[in-house]
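> Test case, fold it:
(one chain, ligands or ions: 2)
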Amino acid sequence: MYRFWEIRLAARLAASRFSNNTEPVKLILETTRLCNSHCKSCDMWRQPPGPELHPDDLLRAISTVARNVSWVALTGGEVTLYPHLRYLVGGLVSRCHNLLLVNIPLNGINPDRTADLIEQLLVENKRIMLHTTLSIDGIGQDQDELRGCGQWRQTIDTWGRLQTLRKRYKNLRVSAQMTVSSLNIAKSSQVIGRFAGESDTFIVAFGMDNRFYRVRDISASPGRPGGFDTRQLVTIGTKPAETSRLELQGSDAEVVREIVRRYKIAGLGGFLERLFLLGMLRRLRGGSAGVPCVAGDQVVFISAKGEVRPCPFFEESIGNLQDSNYDLHVLLRTAGAMDVRAAARTCEKCWNNCVGLPSMIASPIKALRLLSER
Ligand code: SF4
Ligand code: SF4
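Numbers count the residues shown, from 1 in each chain. Ligands and ions are numbered 1, 2, ... in the order given. Next comes the predicted model:
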């Protein structure tokens, strides 16, 4: 049942790109803004989450585009704190008949609860592949400093439990995800060296750091003050005055090159992640990864409050699900939505794994050209 799932997923994304299909293949769903971590690279945990979308309303909206949905990336906050997680995943699997993959990022703070929840999801949703990614931004004390006191011990405990589950369930993939920013870029080889071998697909994400992104553009979005000074780590909703100034040491490109050199390819996912890293190198060299962004077309983001955007970082909104009585199919076709989707096609503000991977599948020739990047 799970054979060739990566190839089937890639084929569906590519087919959608070359057909007249105007509905998303991948959904990025912000389940909740609740978080129990204290990461330095993100201030989600400082914000009161406020009222969030009811899962029935979210599922109702997704039902209207369910036929094409093959990939769902859940995000947060901390997804395991979302009280309706099992209900949501079960609802997605029963409605989206072509669903192949659900990504769940984990902060690993509560090893017992996390392992129990993941096992329940695996048992209840055998038809789909579940890819869990555990956030590991540093080794030992570095993890504690970057994410909160005591997290290294919890991380290791959760990692061990996920590895045990992986041996038991064929529909589980387990990977470490390192968010590289000015805070930890110098230590990236340590994390890769310790966790890449045990990961199905080691994932390197780039924090919203001015060295990698155009800070002013990214920070200016609903709920976020615009016009951040450069040389600051971009976090969600933080006022510039509250954000510490952070600078990278040495050459960013050289460190990314070293990450690429150490990156071991495992399967199609690993190959795409390596291409993604080469895309970041190209971006650092020439300002663009050279691959058109598919946010708004093949990929659509829905916030915990029901706001629909091409991706989590694009400032213009397609609308709120409420505006169309929870009909996402209709909402994506309004005149305003068409304008926002068209604008996203030419956007080059960021290069992130969540949208970058589907973008590379949709433009395979441009993506393969990245292999010549040095
Ligand atoms: S990065 Fe994730 S775990 Fe850390 S504070 Fe932000 S939402 Fe929470
Ligand atoms: S480049 Fe794509 S993923 Fe990045 S902010 Fe723009 S639309 Fe979003």
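
> surely L58 meets L88?
Yes - with contact defined as C-beta atoms under 8 Å, L58 reaches L88; the gap is 7.0 Å. Glycine gets a C-beta too; all of them are placed from N, C-alpha and C.

> Now do the shared contacts for those two.
Residues touching both L58 and L88 (C-beta atoms under 8 Å, 6 or more residues apart in numbering): L29.

> Which secondary structure element of this structure has the lowest mean pLDDT?
Lowest by mean pLDDT, DSSP states H and E among the helices and strands of the chain is helix 215-219, with a mean of 46.

> ok, then the element right after it?
helix 252-262 (DSSP states H and E).

> and that next one, average pLDDT?
Across helix 252-262, pLDDT averages out at 83.

> Now it: buried residues?
Residues of helix 252-262 classed as buried: D252, V255, V256, R257, I259, V260 (neighbour count, 16 or more other C-beta atoms under 10 Å).

> where does the residue lying closest to R60 once chain neighbours are set aside land in three-state SS?
Leaving out its chain neighbours, the residue that sits closest to R60 by C-beta to C-beta, 6 or more residues apart in numbering is Y326, at 4.5 Å. Under DSSP: H, G, I helix; E, B strand; the rest coil, the three-state class of Y326 is coil.

> unless I'm mixing things up, Y326 is touching I62, no?
No - the criterion here is C-beta under 8 Å, and Y326 misses it with I62 at 9.2 Å.

> How much space separates the residue in the stretch 151-300 of the chain positioned nearest to ligand 1 from ligand 2?
Closest residue of the stretch 151-300 of the chain to ligand 1, C-beta to the nearest ligand atom: T179 (7.0 Å). With the distance defined as C-beta to the nearest ligand atom, to the nearest Å, T179 ends up 16 Å from ligand 2.

> The residue nearest the centre of the chain: helix or strand, and which one exactly?
The centroid of the chain falls nearest to C354 when counting by C-alpha atoms, centre = their mean (4.1 Å). Following DSSP H and E, one finds C354 within helix 353-362.

> now swap in R12 and tell me
Per DSSP H and E: helix 5-17 holds R12.

> what packs against that helix?
Contacting helix 5-17 under the criterion 3 or more C-beta pairs under 8 Å, 6 or more residues apart in numbering; DSSP states H and E are the following elements: helix 267-286, helix 353-362.

> ranking those by burial, who's on top?
Burial among those, expressed as mean neighbours by mean count of other C-beta atoms under 10 Å, is greatest for helix 353-362, which shows a mean of 25.

> name the helices or strands packed onto the strand ranked longest in the chain?
As assigned by DSSP state E, the longest strand anywhere in the chain is strand 172-180. Judged by 3+ C-beta pairs under 8 Å, 6+ apart, strand 172-180 is in contact with strand 129-135, helix 151-168, helix 188-195, strand 203-206.

> In TSV, list those along with distance to ligand 1 and mean pLDDT.
Putting those into TSV (distance: least, C-beta to the nearest ligand atom, whole Å; pLDDT from 0 to 100) gives the following:
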stretch	distance to ligand 1	mean pLDDT
strand 129-135	6	97
helix 151-168	9	98
helix 188-195	15	92
strand 203-206	10	90
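
> nearest to R95, of these?
strand 129-135 (17.0 Å; C-beta to C-beta).

> right, and the helix or strand after that closest one?
Sequence-wise, the next helix or strand downstream of strand 129-135 (DSSP H and E) is helix 141-147.

> which bits of this structure sit near ligand 1?
Applying C-beta under 6 Å from any ligand atom, we find that the chain lies next to ligand 1 at C35, S37, C39, C42, M44, W45, G76, G77, E78, N107.

> and this protein, which residues reach ligand 2?
Contact residues (C-beta under 6 Å from any ligand atom) of the chain with ligand 2: 293, 295, 310-311, 313-314, 344, 347-350, 352, 355.
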